[in-house]
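*Asks:* I would like the atomic coordinates for the input below:
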Amino acid sequence: MSSEVFEIRINAYGMADKKVTKHGNSAHVYLPAEWVGKKVKVLLLEPVEEE
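*Replies:* Numbers count the residues shown, from 1 in each chain. Here you go, the predicted model:
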């Protein structure tokens with residue numbers, strides 16, 4: 001995954017600021033139930049630390 005910063009402009013119908021949590025071998029974000037079946041985009045807002 002690239003650590004390059006880029007600018008995005010997007011029109012949206014809602015926004016949620018959430019923290020990603022561990023879920024088994026993956027990650028998880030809870031969103032409003034009304035969003036089920038809708039298209040969403042998730043943006044990483046800070047760099048991933050290399051281990």
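*Asks:* report the beta-bridge partners for the closest residue to V20 other than its chain neighbours.
*Replies:* Of all residues not flanking V20 in the chain, A27 sits nearest, at 4.7 Å (Cβ to Cβ, 6 or more residues apart in numbering). Bear in mind the C-beta positions are built from the backbone N, C-alpha and C, glycine included. Under the criterion DSSP bridges, A27 forms beta bridges with K22.
*Asks:* where does the spatially most central residue of the chain land in three-state SS?
*Replies:* Centroid check for the chain by Cα atoms, centre = their mean gives V42 as the closest residue, at 2.8 Å. Secondary structure assignment for V42 (DSSP: H, G, I helix; E, B strand; the rest coil): coil.
*Asks:* name the nearest residue to it, sequence neighbours excluded.
*Replies:* Leaving aside its sequence neighbours, V42 sits nearest to V29 (Cβ to Cβ, 6+ apart; 6.6 Å).
*Asks:* and the pLDDT for that neighbour?
*Replies:* pLDDT recorded at V29 is 95.
*Asks:* the one 10 residues further on too?
*Replies:* Predicted confidence (pLDDT) at K39: the value is 95.
*Asks:* and it, what element?
*Replies:* For K39, there is no enclosing helix or strand under DSSP states H and E.
*Asks:* what does E49 give?
*Replies:* Applying DSSP H and E, one finds E49 in no helix or strand.
*Asks:* residues near L44, how many?
*Replies:* L44: 9 surrounding residues under other Cβ atoms under 10 Å.
*Asks:* ugh, typo on my part, it should be A12
*Replies:* 7.
*Asks:* quick check on it: phi, psi?
*Replies:* Dihedral angles phi and psi of A12 (degrees, to the nearest 10) take the values phi -140, psi 160.
*Asks:* so what pLDDT did it get?
*Replies:* A12 is given a pLDDT of 94.
*Asks:* picking that back up, ok, the residue nearest to V20 touching K19?
*Replies:* No. Applying Cβ atoms under 8 Å as the test, A27 and K19 come out as separate, 10.1 Å apart.
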